[in-house]
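> Quick one: sequence and predicted model below, then my questions.
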Amino acid sequence: MLGSTATTLLAPRLARAEGLDIRDKNNELVFLLVDKTRLKADLLTWPEERKDSEKLVSFRIAIGKETGDKQKSGDNKTPEGIYFAKSILNGRHLPAKYGPVAIPIDFPNPLDRFLGKTGYGIWLHGVEQDSRIEAANVTEGCVAFYNADIRSLSQWLMPAESIIVIAKDATQVNRPEDVDEVKKLVGDWTSAWNDRDVDRYISYFIPNFRSFDKKMNLKNYRKYKQRVFASYENMSVKMQDVRVFTHDRYAVAIMNQDFTGDERYRAFGRKVLYWQRLDEGGWKLFHEEFDERPMRFTNLSREKIANIIRTSPSTKFLQDSRESKL
């Protein structure tokens, strides 16, 4: 998924080098919300003001043969959590059951691994025959789509950047109070970093925190950060384009980090923070990652989306489902 790297002050910002304005008002962050109970996946925008989120298109899906959250390899359950798309695979190089396109996700993610979950090969993918989707519980844990729909979806889910949220029930996801609380925590944590207040900075971490390389516990990580803070005469940390996604057990915040230390060091790129909801209430920082590739946005053509809605095999099914409930 994401690594831990940094750039020097003289290195170009990748967004500028590629001629992409990540703040272009026509570009948007999108995520896929998979609702296992309703057998539906929604593609939504996720602006900085969450209340302005827009549902773009809905897809009918099929999921694992067994119900519940995936726990171990071979249990045929679809995992529940917050994941990143890893790559886009051409179906010509895959077994027919995956259809024309497959999009692997990063299960098990850091929290899954901490909880002892095992497994691999969880993908969003097509099918050898569209009729398989109508059977609903047919995969070995993957999320399957009509072939036309997975082709459409692959245009917007960018590897290593796009978020896929899978839930038993979509009402668990992105509750306003959770999003606002975690977003505030991100701001307060960043402020402590800027102030070089090591005690306040460390207070946001979970007590059993381990550094990304697993070499430092929280006590040693505090000593390391204290040395880093003291090594700069001038230090600045800015977090831009912050987006927070929440689940029933944890949250993921993704943003662009701009760190400078004196005139000798700069790190600009994507920061990902995993926050765990503790049993006694509140959130603690569980895991952090940094990648020098900045978070980028997807340019969405509403005309193209409207055409997909008109032609998608999911459209009639989802419309009939709504009408049957009236």
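The structure has been received and is ready for your questions. Numbering: from 1, shown residues only.

> from here on, contacts and neighbour counts on C-alpha atoms
Will do.

> Please, where are all the helices along the stretch 201-326 of the chain?
For the stretch 201-326 of the chain, helices defined by DSSP state H, counting those that start in this stretch occupy the ranges 218-230, 302-311, 313-324.

> Check residue 28 and give its pLDDT.
pLDDT for residue 28: 81.

> Looks like it contacts residue 45 (just checking).
Yes: contact criterion CA atoms under 8 Å: residue 28 and residue 45 qualify, at 6.5 Å.

> hmm, back to that, now mean pLDDT and mean neighbour count too, for the helices of the stretch 201-326 of the chain, in a markdown table please.
Formatted as a markdown table, the helices of the stretch 201-326 of the chain follow (pLDDT from 0 to 100; neighbours: other CA atoms under 10 Å):
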| stretch | mean pLDDT | mean neighbour count |
| --- | --- | --- |
| helix 218-230 | 95 | 14 |
| helix 302-311 | 81 | 13 |
| helix 313-324 | 66 | 13 |
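
> can I get these in JSON lines with distance to residue 63?
Below are the helices of the stretch 201-326 of the chain laid out as JSON lines (distance: least, CA to CA, whole Å):
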{"stretch": "helix 218-230", "distance to residue 63": "38"}
{"stretch": "helix 302-311", "distance to residue 63": "22"}
{"stretch": "helix 313-324", "distance to residue 63": "15"}
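
> of all the ones you listed, which lies closest to residue 125?
helix 313-324 (14.8 Å; CA to CA).

> Leaving out chain neighbours, which residue sits closest to residue 300?
residue 27 (6.7 Å; CA to CA, 6 or more residues apart in numbering).

> Identify the residues contacting the one you found.
Going by CA atoms under 8 Å, 6 or more residues apart in numbering, residue 27 touches 297-300.

> For the residue nearest the centre of the chain, give the beta-bridge partners.
Nearest to the geometric centre of the chain sits residue 163, at 3.1 Å (CA atoms, centre = their mean). Beta-bridge pairing of residue 163 under DSSP bridges involves residue 31, residue 84.

> what's the domain layout of the chain?
The record's domain parsing of the chain by automatic domain parsing lists 28-173+299-324, 176-291.

> what about the first one, distance to the chain center?
Taking the mean of its C-alpha atoms, domain 28-173+299-324 sits 13 Å from the chain's own mean (CA atoms, centre = their mean, to the nearest Å).

> Please apply the same query to stretch 223-236.
Distance, stretch centre to chain centre, for stretch 223-236: 30 Å (CA atoms, centre = their mean).

> before we move on, the earlier item: any chance of the contacts of residue 27 in JSON lines, plus neighbour count?
Output for the contacts of residue 27, formatted as JSON lines (neighbours: other CA atoms under 10 Å):
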{"residue": "297", "neighbour count": "21"}
{"residue": "298", "neighbour count": "18"}
{"residue": "299", "neighbour count": "15"}
{"residue": "300", "neighbour count": "17"}
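
> Strands - which of these land there?
In strands, judged by DSSP state E, the following of the contacts of residue 27 are found: 298-299.

> With distance to residue 315 and pLDDT as new columns, can the contacts of residue 27 be given to me in TSV?
As requested, the contacts of residue 27 are exported to TSV (distance: CA to CA, whole Å; pLDDT from 0 to 100):
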residue	distance to residue 315	pLDDT
297	26	83
298	23	78
299	23	73
300	20	74
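
> Secondary structure class of residue 82, three-state.
strand (DSSP: H, G, I helix; E, B strand; the rest coil).

> A helix includes residue 185, no?
Yes: Residue 185: assigned to a helix according to three-state DSSP.

> Tell me how far it lies from residue 218.
18 Å (CA to CA, to the nearest Å).

> Could I get the full set of strands for the stretch 1-150 of the chain?
27-28, 30-35, 40-45, 55-64, 81-84, 89-90, 101-104, 123-125, 137-139, 143-145 (DSSP state E, counting those that start in this stretch).

> As TSV, those with distance to residue 290 would be great.
As requested, these are arranged in TSV below (distance: least, CA to CA, whole Å):
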stretch	distance to residue 290
strand 27-28	21
strand 30-35	20
strand 40-45	23
strand 55-64	29
strand 81-84	14
strand 89-90	25
strand 101-104	21
strand 123-125	24
strand 137-139	33
strand 143-145	28
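
> and those strands, which is most packed in?
Of the strands of the stretch 1-150 of the chain, the one with the most neighbours on average (mean count of other CA atoms under 10 Å) is strand 143-145, at a mean of 29.
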